[in-house]
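> next input, structure requested:
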Amino acid sequence: MKEIKTEIIMNARPEKVWQVLTDFKAYPEWNPFITSIEGEVFEGARFKVKLQPLGSGSMQFKPVCLSYNENHEFSWIGKLVTKGVFDGKHCFELEALDNGKTKFIQREEFKGFLVPLFWKKLDVNTRWSFEMMNDKLKERVEKM
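Take a look at the predicted model:
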């Protein structure tokens, strides 16, 4: 298993961060990593995600929503071909802090027999992609 975890502090309450994070139609305007989320998103639903990881071509997949807890957490599980090959559990977490701030955590747990072949790319490109998205989310949230 491999985990990538990033976090950033935003000068906004979780409700405001959640509003921007879950406004999927606006992703093309600001999100350099997750360029699109299509379909209804609720626990158990399958929807479509388009990614543009740094240093890679775009990719599409159809994960299943694991959690969608307003103002707290949104997560999904995606897989390559079949379970156990290259699986990713992606999670966005919002933690309320003092003074109306929010800690935004973006993490992903990768499992499967192909994961070791991509460790370096995950450590560099995927981490940078998460951090770029976090920065752009913070910028958008704090401008509202």
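> and the gap between the residue sitting furthest away from the middle of the chain and residue 16?
Distance from the centre of the chain peaks at residue 99, with 25.1 Å (CA atoms, centre = their mean). Going from residue 99 to residue 16 by CB to CB, to the nearest Å gives 14 Å. The C-beta positions use only the backbone N, C-alpha and C, and glycine is treated the same way.
> residue 92 - that's part of a strand, no?
Yes: counting by DSSP: H, G, I helix; E, B strand; the rest coil, one finds residue 92 located in a strand.
> let me see the contact set for it.
By CB atoms under 8 Å, 6 or more residues apart in numbering, the contact set of residue 92 is 21, 73, 74, 75, 104, 105, 106.
> please indicate which of these are buried?
21, 73, 74, 75, 104, 105, 106 (16 or more other CB atoms under 10 Å).
> ok, the first one touching residue 74?
Yes: with contact defined as CB atoms under 8 Å, residue 21 counts as touching residue 74 (6.9 Å).
> name the SS class of the residue farthest from the centre of the chain, please.
Look at residue 99: counting by three-state DSSP, its state is helix.
> out of the contacts of residue 92, name the ones that lie in helices.
The helices, defined by DSSP state H, take in residue 21 from these.
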